[in-house]
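A.B. asks: Give me coordinates for this.
(2 chains)
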Protein chains: 2
Amino acid sequence: MPEFLPTAPYRGTRDFLPPEMSVRTQVFGHLYEVLERRGFLRYDGPVLESAEIYEAKSGQEIADQQLYTLTDRGGRRLALRPEMTPSVARMIAGSAGSLQFPVRWYSHPNCHRYERPQRGRVREHWQINADIFGSESANCEIEMFELIHDLLGGIGATEDMFVVRANDRTLLSSVLTDLVGVTEEQLPRVFSLVDRWEKHDRAALAETAAEIGLSDARFERLTETLGAGSALLDEIPAEVREQSNLVSVLGGGAAGLVTFDPLIVRGLAYYTSTVFEVFDTSPENNRALFGGGRYADLAGLFTSQRIPGIGFGMGDVTLFDFMGTHGLLPEPRSEVDVVVIPVSAELSDAARTVAATMRRAGLRTSTPIELRKLGKELSRADKAGARAVVIVGQEDWDAGNVTVRGLADREQRQVSVDEAAGTVTELLAR
Amino acid sequence: MPEFLPTAPYRGTRDFLPPEMSVRTQVFGHLYEVLERRGFLRYDGPVLESAEIYEAKSGQEIADQQLYTLTDRGGRRLALRPEMTPSVARMIAGSAGSLQFPVRWYSHPNCHRYERPQRGRVREHWQINADIFGSESANCEIEMFELIHDLLGGIGATEDMFVVRANDRTLLSSVLTDLVGVTEEQLPRVFSLVDRWEKHDRAALAETAAEIGLSDARFERLTETLGAGSALLDEIPAEVREQSNLVSVLGGGAAGLVTFDPLIVRGLAYYTSTVFEVFDTSPENNRALFGGGRYADLAGLFTSQRIPGIGFGMGDVTLFDFMGTHGLLPEPRSEVDVVVIPVSAELSDAARTVAATMRRAGLRTSTPIELRKLGKELSRADKAGARAVVIVGQEDWDAGNVTVRGLADREQRQVSVDEAAGTVTELLAR
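C.D. replies: Here you go, the predicted structure:
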């Protein structure tokens, strides 16, 4: 047994010490602000859910290998939520009677998956989820695409830093069956082949295609078809295209926001038509940042009411990688705006009184806990990012005054206690 | 098997639908603001921790009965954190080399305990944790008491709604051994007897006292001593009092913020001197809202460096009960400030363009997803809490104009698209 327990967090989970946390809260604050400006309403739910809601819905990969499960003393099988969609489906089903659909909802849960830790993969991640529930209108697609641009713009990204690529699974089905000659039975496996198209090399793809039972000729045809990019749209029968929300918005409301890409599939089982992924355009970080899609029936596990929806989950790890690559991460906020320093311990109560006037004026203000010499306190205030200090000396204080000092210009001025907060506010506004 | 899975969350956990979540985010926003105005820095850590950090530290009650545990595929025993202190102790120990003590830190984790659900007890709760680490100065006590008053003031509580009661375990030890005649061996059990003093009836207390081995005379003496309240301080030897941070601040920096109360003990094992609890003064909700205390050595499990600290955890359930009792809960925020309504689907893109100008001006703005007749849209905008709508009609639009309408006064005015956001902002400012 080691003498001390390890100080590292459990593998794949993260501690966020104040400087990093400050960066995160600033970034998330911008994202919340964008969501709320678009009328998205925040909700939240428990980390623990009944395990069966994932086993039934999220696809076997998660249920078999990635789920953290436990059994409570009552014998109930529980899981740490690996994603938010089953939880929000449960909530929407439970409150459907009192909701006026469509609704725009968002959340920011921590989700757990038992993954082998590697770049971009952690066991606990934080994910912004944004969805529109209760509508099949193509306006939802436009909203989602606008929202994505607003969110990334809200954290300082410019339009050249990312692209949104979208597909419609019903179009892809039509393409694969009608143009490539894939059978209905082969379809699910060919979907997952397409999903890996850019991640695997050609030999590996050909091998998988052969396993699925596609002839060499069909594999060639598939390659050619997928390579057509957005030109492929013209080859799709009009009656199929007319049913597609994505097609209807590509040339209209979502023009310039999104590119058609037949290679976008998304792994998760519940998407039924529109699917999309956001890609970093930087060669250093050329990967999907996040994605989402449309589901015809969100809450089928919980209710007979058919509730369609569209949404996405934006994970923190890839988002911060993206921001780092593009130099978008903000600096940690300073600890305080101003420090009120008594020149002796006897003046500590006086300093606290002055600090209270600063805080009432909205200034982030501290006083020393373990008082040292003025020079050391000034240097500490500087390290804390304060831009001003207020020095409380005995003679000044007896006359109802304090000394305000800017830490950049080192200019000092004596002001009355009543004026001090105003003087500091002016100094910070420079 | 039921046809559908239940929509209720796991027992003892809670869903927060948007109206409730809006109340919560407002309240928590005020609390964060108060903390940051005092220079407290936010941190965060994982839900999953190694189980051993609780088994070693939090006392047997939690480890034996209240801990949610699981074992990962690597055989590692994990727990859902039941409280934040062991996690932050781990972080502080791990980063002690780069920290400039003392530090003021806060967090807002969700914590899990396997409790029988009842009023004020849930299995997942959210808790504001605020601590000062790395100082034994009595200034820490003053900061904590000031912070508590500021936090409750920040959510609208007035000073008559709560009291802070504090004790010092070293004083209580002295009182019990020197004045009551309790033996060192009896001390821990007498502490827990004192902890239950106001919750149990006299007969039950007497029975427990007898079990501990206190004579009737000693029990009488105990009763009398504890009943003395703050007058008890005078009976404590000066050399004991002089060592007490609490005594030193009671008449000075913390005067008016806190009352001495020998009955405050706090159950958790790691407090070593100052302990405090905040009580609701309302007869309807006469209970401890939250509490905390000082620990001589926070991180002894993780490091040989002795790091003292003082802090508290403020749970959401009791906090919201308190706010409800005193009528302090804010209304949910409106969904949006303004809705931009196209009079026909052809004008949807135009409406989105106008909505974007509103958002750039900081207005929370939506457009209809499934467009209905104008009357219905106006009524829906009203239900969403919007105070204005912008109506986009074809002729107006062709002339570069839109119609701004206040939902309270129903006054309409035609303005250019460029002026619309300004007009709405003025209307909302009224």
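
A.B. asks: what residues does stretch A:366-376 touch?
C.D. replies: A:335-336, A:339-345, A:348, A:351-352, A:355, A:377, A:380, A:384, A:391, B:38-39, B:102, B:104, B:132, B:135, B:137, B:139-140, B:143 (CB atoms under 8 Å, 6 or more residues apart in numbering or on different chains). The C-beta positions use only the backbone N, C-alpha and C, and glycine is treated the same way.

A.B. asks: That should have said stretch A:33-42, apologies.
C.D. replies: Applying CB under 8 Å, 6+ apart, the contact partners of stretch A:33-42 are A:32, A:103-108, A:128, A:130, A:143, A:146-147, A:150-151, A:153-154, B:18, B:21-22, B:25, B:335-336, B:359, B:362-366, B:384.

A.B. asks: Which of the contacts of stretch A:366-376 are buried? Put it as a PyMOL command.
C.D. replies: Applied in PyMOL, the following selects the buried portion of the contacts of stretch A:366-376 according to 16 or more other CB atoms under 10 Å in any protein chain shown:
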select buried, (chain A and resi 335+336+339+340+341+342+343+348+351+352+355+377+380+384+391) or (chain B and resi 38+39+102+104+132+135+137+139+140+143)
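
A.B. asks: now the longest helix along chain A: mean pLDDT?
C.D. replies: Counting residues, the longest helix in chain A under DSSP state H turns out to be helix A:18-37. Across helix A:18-37, pLDDT averages out at 98.

A.B. asks: what about it, distance to the chain center?
C.D. replies: Here the centre of helix A:18-37 is set off from its chain's centre by 10 Å, with CA atoms, centre = their mean, to the nearest Å.

A.B. asks: Parallel or antiparallel, which strands does the helix or strand just after it pair with?
C.D. replies: Sequence order places strand A:41-42 as the next helix or strand after helix A:18-37, per DSSP states H and E. Strand A:41-42 has the following sheet partners, assigned by DSSP bridges: strand A:103-107 (parallel).

A.B. asks: For chain B, tell me whether the next helix or strand after the partner strand is touching it.
C.D. replies: For strand A:103-107, the following helix or strand on the C-terminal side (DSSP H and E) is strand A:110-112. Yes. Counting by CB under 8 Å from any CB of the partner chain, chain B is contacted by strand A:110-112 at A:110, A:112.

A.B. asks: Neighbouring strands - and their directions - for strand A:110-112?
C.D. replies: strand A:124-133 (antiparallel).

A.B. asks: now the angle between strand A:103-107 and the next helix-or-strand element following the strand it pairs with, please.
C.D. replies: Once the chain leaves strand A:124-133, the next helix or strand it forms, by DSSP H and E, is helix A:138-154. Angle of helix A:138-154 versus strand A:103-107, following axes from the mean of the first three to the mean of the last three CA atoms, to 10 degrees, is 30 degrees.

A.B. asks: what's in contact with the very next helix or strand once past helix A:138-154?
C.D. replies: Downstream of helix A:138-154, the first helix or strand assigned by DSSP H and E is strand A:162-168. Strand A:162-168 is contacted by residues A:145, A:148-149, A:152, A:244-247, A:257-265, A:273-281, A:289, A:322 when judged by CB under 8 Å, 6+ apart.

A.B. asks: Please spell out the PyMOL selection for the buried subset of those.
C.D. replies: Filtering the contacts of strand A:162-168 down to the buried ones (16+ other CB under 10 Å) takes a single PyMOL command:
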select buried, chain A and resi 145+148+149+152+244+245+246+247+257+258+259+260+261+262+263+264+265+273+274+275+276+277+278+279+280+289+322
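
A.B. asks: ok, A:Glu198 - contacts?
C.D. replies: The contact partners of A:Glu198, taken as CB under 8 Å, 6+ apart, are A:Leu263.

A.B. asks: did I read that right, it in a helix?
C.D. replies: No. Under DSSP: H, G, I helix; E, B strand; the rest coil, A:Glu198 falls outside any helix and is assigned coil.

A.B. asks: Need the per-residue pLDDT for it.
C.D. replies: At A:Glu198, the pLDDT value in this model is 88.

A.B. asks: now A:Phe276: how far from A:Gly293?
C.D. replies: A:Phe276 sits 6 Å away from A:Gly293, going by CB to CB, to the nearest Å.
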